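# 3D model of this:
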Amino acid sequence: MIARLVTGIATSPWMRAALRYGVTALAILLFLLALRRSGERAGRLAERLGTLEKTNDVQRRMLDAAARRPRDRNELADRLRDGRF
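Residues are numbered from 1 along each chain as shown. Here you go, the predicted model:
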């Protein structure tokens with residue numbers, strides 16, 4: 001029954017043209033949806049990279065500050081007296 005219906009549709013020149021245009025439109029629609037999805041994924045990755053760079057910058061500054069800290073109370077007192085803190 002379905003085979004007879006499909007062969008009946010495929011024999012009509014108008015229906016073949018309609019099927020051809022329909023398949024083309026479907027392929028274009030699927031391509032655009034895939035393109036949109038990959039664009040969203042790229043946007044999320046760019047946002048994640050920006051956040052990671054900010055985090056690394058903050059951690060680097062914290063490590064630099066920790067490397068410059070006074071070693072003991074005497075060094076802290078010396079820095080406070082000299083005004084270098």
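# which stretches of the protein form helices?
2-11, 13-67, 73-82 (DSSP state H).
# Dump those into a markdown table; add mean pLDDT and mean neighbour count as well.
Yep, even glycine has a C-beta here, placed from its N, CA and C like the rest. Shown next, in a markdown table, are the helices of the chain (pLDDT from 0 to 100; neighbours: other Cβ atoms under 10 Å):
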| stretch | mean pLDDT | mean neighbour count |
| --- | --- | --- |
| helix 2-11 | 63 | 9 |
| helix 13-67 | 95 | 10 |
| helix 73-82 | 90 | 11 |
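# Only alpha carbons, please: show stretch 38-45 as PDB.
This file holds the C-alpha atoms of stretch 38-45, laid out as PDB (Å, rounded to 0.1, in the frame of the first residue of the first chain):
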ATOM      1  CA  SER A  38      28.500  24.800  17.000                       C
ATOM      2  CA  GLY A  39      28.500  28.600  17.400                       C
ATOM      3  CA  GLU A  40      26.900  28.300  20.900                       C
ATOM      4  CA  ARG A  41      29.500  25.700  21.800                       C
ATOM      5  CA  ALA A  42      32.300  28.000  20.700                       C
ATOM      6  CA  GLY A  43      30.800  30.900  22.700                       C
ATOM      7  CA  ARG A  44      30.700  28.800  25.800                       C
ATOM      8  CA  LEU A  45      34.300  27.700  25.300                       C
END
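# Outside of it itself, which residues are in contact with it?
For stretch 38-45, contacts defined as Cβ atoms under 8 Å, 6 or more residues apart in numbering pick out no residues.
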